[in-house]
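Q: one predicted model, sequence on top.
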Amino acid sequence: MSEKYPKLITRFLRDVKVNTRSNEESDTIPSDPKEVAFLKNLAAELKEMGAEDVQTMKDGYVFAKLPANGVEGAPTVGFISHVDTADFNSENVNPQEISNYDGKSVIELGNSGFKLDPKVFPNMRNYAGHDLITTDGTTLLGADDKAGVAEIMALIDYLVAHPEVKHGPLAFAFGPDEEIGRGADHFDVEAFGANFAYTVDGGPLGELEWETFNAAGAKIEIKGQNVHPGTAKDTMINALQVAIDIQNALPEDERPEKTEGREGFYHLISMAGTPEEAEMAYIIRDHDKNAFEAKKKRLQLIADELNETFGQERVSVHLQDQYYNMGDVLKDKQEIVTLAETAMKKQNIEPIVEPVRGGTDGSKITFLGLPTPNLFAGGENMHGRFEFVSKQVMEQVVDVLVEIVQEASEMKK
Ligand SMILES: [Zn+2]
């Protein structure tokens with residue numbers, strides 16, 4: 001494979017075998033000692049490679065820097081990826097390599113009985129002539145986001161080995177717990193010291209994302225009034241029925257399964273209870289800030305109206321904002337997006353810019369003060385056994401990173 005980035009694929013194949021699944025149940029930061037161990041090795045490796053100011057932050061992030069070489073006054077560009085993997089079996093990851101895939105065959109995933117079939121996954125047709133890395137069907141692959149980790153490490157290796165490539169100051173961050181939505185909560189923007197950054201955590205070739213959802217969670221508690229059903233007339237208030245009424249009072253076409261593009265939704269994620277008491281949980285998503293606020297208000301209003309009918313407080317709604325659309329910040333900093341687009345085009349990659357129907361670490365980091373769009377890392381079918389990545393696309397990611405570094409060296413702070 002690549003002479004240009006000799007360690008890219010070997011590092012990736014080595015790293016995916018290390019279980020770094022984050023743990024939603026945990027209260028610690030990072031959420032799992034497996035992540036701490038992985039990050040510790042990464043820090044040691046960064047030092048060996050010649051990165052400077054390598055430090056492990058309180059929140060588990062490993063920061064590293066490369067100073068400018070022969071360029072003055074350029075902004076500091078940051079690159080960020082996460083080391084944890086999604087909520088799916090991550091023990092004994094056993095990557096399979098398929099050389100020169102023909103773009104149409106079914107790929108058996110080890111002896112698991114699961115297969116990657118282009119009829120089910122039409123995205124496989126984009127990979128004729130590529131060397132693919134898949135799972136053996138028993139675990140996820142963890143290209144999300146160990147592809148990003150390996151790509152940023154390859155960028156550092158490349159720049160250290162090629163002092164003739166001039167660049168401004170660079171900052172690198174590798175963090176835990178992205179998959180449980182907590183990793184970037186305490187990202188130390190000041191210590192990181194970048195003027196802008198990119199997460200390398202997106203999907204297929206060309207993906208560039210600078211708009212995300214605004215996100216909130218809602219917990220609803222319902223107190224019923226339970227009596228014998230035989231004598232319930234005009235007396236019983238069945239908490240479960242109230243829960244159903246709440247769900248039915250929400251607009252039918254604002255559910256995940258009925259929305260796409262820039263359409264937001266209410267997503268009922270749990271509902272449990274008895275006639276005596278019930279609990280519901282929703283997530284609320286919308287790209288548009290006003291529509292997002294209106295969605296939260298609407299849910300509260302439904303509860304208020306029910307309480308008024310009951311003549312007492314039986315339904316209580318607890319709303320909590322989770323993250324915001326980084327597009328509201330990045331719309332005024334389009335030069336950062338343009339820089340990435342220019343770098344891709346120079347590498348003959350057509351940028352695919354679409355609003356994310358989710359969040360990224362960048363959604364949080366941007367609101368902490370560091371504008372951070374998201375770049376493609378190459379992975380497909382993330383978060384499960386059908387995940388795969390192309391070696392050639394991983395190389396193209398590094399090509400784009402090198403290009404961004406050079407483009408940025410011509411900018412002024
Ligand atoms: Zn990710």
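A: Good, I have the coordinates. Every value quoted in this text rests on a predicted model; they were computed, and no experiment measured them. Numbers count the residues shown, from 1 in each chain.
Q: contact residues of the stretch 1-150 of the chain facing the ion?
A: Neighbours of the ion within the stretch 1-150 of the chain, by Cβ under 5 Å from the ion: 144-145. All C-beta spots, glycine's among them, are computed from the backbone N, C-alpha and C.
Q: what residue ranges in the stretch 1-150 of the chain are flagged as low confidence?
A: Applying pLDDT under 70 to the stretch 1-150 of the chain flags residues 1-2.
Q: ranges for the strands of it?
A: 52-56, 62-66, 77-82, 96-98, 107-108, 115-116, 132-134 (DSSP state E, counting those that start in this stretch).
Q: and these: which comes nearest Y198?
A: strand 77-82 (5.8 Å; Cβ to Cβ).
Q: what pairs with the closest one, parallel or antiparallel?
A: Under the criterion DSSP bridges, strand 77-82 sits next to strand 170-175 (parallel), strand 196-202 (parallel) in its sheet.
Q: tell me the centre residue of the protein?
A: What sits nearest the mean C-alpha location of the chain, by Cα atoms, centre = their mean, is T360, with 4.1 Å.
Q: go through the longest helix seen in the chain and flag the buried ones.
A: When the chain is parsed with DSSP state H, its longest helix is helix 289-310. Under the neighbour-count criterion of 16 or more other Cβ atoms under 10 Å, helix 289-310 has 292, 295-296, 298-299, 302-303, 306 buried.
Q: any chance of these in a markdown table, with distance to N248 and pLDDT too?
A: Listed next are the buried residues of helix 289-310 as a markdown table, based on distance: Cβ to Cβ, whole Å; pLDDT from 0 to 100:
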| residue | distance to N248 | pLDDT |
| --- | --- | --- |
| F292 | 22 | 98 |
| K295 | 16 | 98 |
| K296 | 19 | 98 |
| R298 | 13 | 98 |
| L299 | 13 | 98 |
| I302 | 10 | 98 |
| A303 | 14 | 98 |
| L306 | 12 | 98 |
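Q: one step back: so who does the residue nearest to the centre of the chain touch?
A: Applying Cβ atoms under 8 Å, 6 or more residues apart in numbering to T360 gives the contacts 199, 201-202, 209, 212, 326, 372, 374.
Q: domain parsing for this structure?
A: Using automatic domain parsing, the domain parsing of the chain gives 8-211+326-408, 214-323.
Q: for stretch 210-221, buried residues please.
A: Within stretch 210-221, the residues scored as buried using 16+ other Cβ under 10 Å are 210-216, 218, 220-221.
Q: now the helices for the chain?
A: 8-16, 33-49, 143-161, 189-192, 239-249, 289-310, 327-330, 334-346, 361-367, 391-408.
Q: what angle do the last one and strand 170-175 make?
A: Our comparison of helix 391-408 with strand 170-175, counting by axes from the mean of the first three to the mean of the last three Cα atoms, to 10 degrees, yields an angle of 140 degrees.
Q: re earlier: nearest to the ion among the buried residues of helix 289-310?
A: F292 (22.8 Å; Cβ to the ion).
Q: how far away is the residue nearest to the centre of the chain from A377?
A: 11 Å (Cβ to Cβ, to the nearest Å).
Q: overlap of the contact sets of the two?
A: In contact with both T360 and A377: 201-202, using Cβ under 8 Å, 6+ apart.
Q: please name the residues that touch the closest residue to A343 other than its chain neighbours.
A: Distance criterion Cβ to Cβ, 6 or more residues apart in numbering; nearest residue to A343, sequence neighbours excluded, is E403 at 3.8 Å. By Cβ under 8 Å, 6+ apart, the contact list for E403 reads 343-344, 346-347.
Q: next: D136.
A: 94-96, 109-112.
Q: distance to P251 and mean neighbour count for the strands paired with strand 77-82 - can I get that in JSON lines?
A: Formatted as JSON lines, those follow (distance: least, Cβ to Cβ, whole Å; neighbours: other Cβ atoms under 10 Å):
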{"stretch": "strand 170-175", "distance to P251": "37", "mean neighbour count": "25"}
{"stretch": "strand 196-202", "distance to P251": "31", "mean neighbour count": "26"}
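Q: tabulate these (TSV), appending distance to M49 and mean pLDDT.
A: As requested, the strands paired with strand 77-82 are exported to TSV (distance: least, Cβ to Cβ, whole Å; pLDDT from 0 to 100):
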stretch	distance to M49	mean pLDDT
strand 170-175	11	98
strand 196-202	17	97
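Q: closest to the ion out of these?
A: strand 196-202 (4.2 Å).
Q: pLDDT score assigned to G181?
A: G181 is assigned 89 on the pLDDT scale.
Q: nearest residue to the closest residue to the ion within the stretch 301-413 of the chain in space, please, no chain neighbours.
A: Residue nearest to the ion within the stretch 301-413 of the chain (Cβ to the ion): M382, separated by 7.0 Å. Nearest non-adjacent residue to M382, counting by Cβ to Cβ, 6+ apart: D144, 4.2 Å away.
Q: quick check: that neighbour touching D84?
A: No. Applying Cβ atoms under 8 Å, one finds D144 not in contact with D84, separated by 9.5 Å.
Q: more crowded one of these two?
A: D84 (30 against 27; other Cβ atoms under 10 Å).
Q: which non-adjacent residue is nearest the more buried one?
A: Of all residues not flanking D84 in the chain, S22 sits nearest, at 3.8 Å (Cβ to Cβ, 6+ apart).
Q: ok, E209 next?
A: N374 (4.2 Å).
Q: that neighbour: neighbour count?
A: N374 has 27 nearby residues by other Cβ under 10 Å.
Q: gap between it and F388?
A: Distance, N374 to F388, by Cβ to Cβ: 20 Å.
Q: and what of G60?
A: Distance, G60 to F388, using Cβ to Cβ: 28 Å.
Q: higher neighbour count, the two?
A: More neighbours surround F388 than the other of G60 and F388, with 27 against 23 (other Cβ under 10 Å).
Q: how about the more buried one, what does it touch?
A: 116, 132-135, 141, 143, 379-381.
Q: same deal with Q406?
A: Here Q406 is in contact with 165-167 (criterion: Cβ under 8 Å, 6+ apart).
Q: between these, which is nearest the ion?
A: Distance to the ion across the contacts of Q406 (Cβ to the ion) is lowest for H167, with 25.6 Å.
Q: the closest one and N69 touch, don't they?
A: Yes. Taking Cβ under 8 Å as the definition, H167 is a contact partner of N69 at 6.2 Å.
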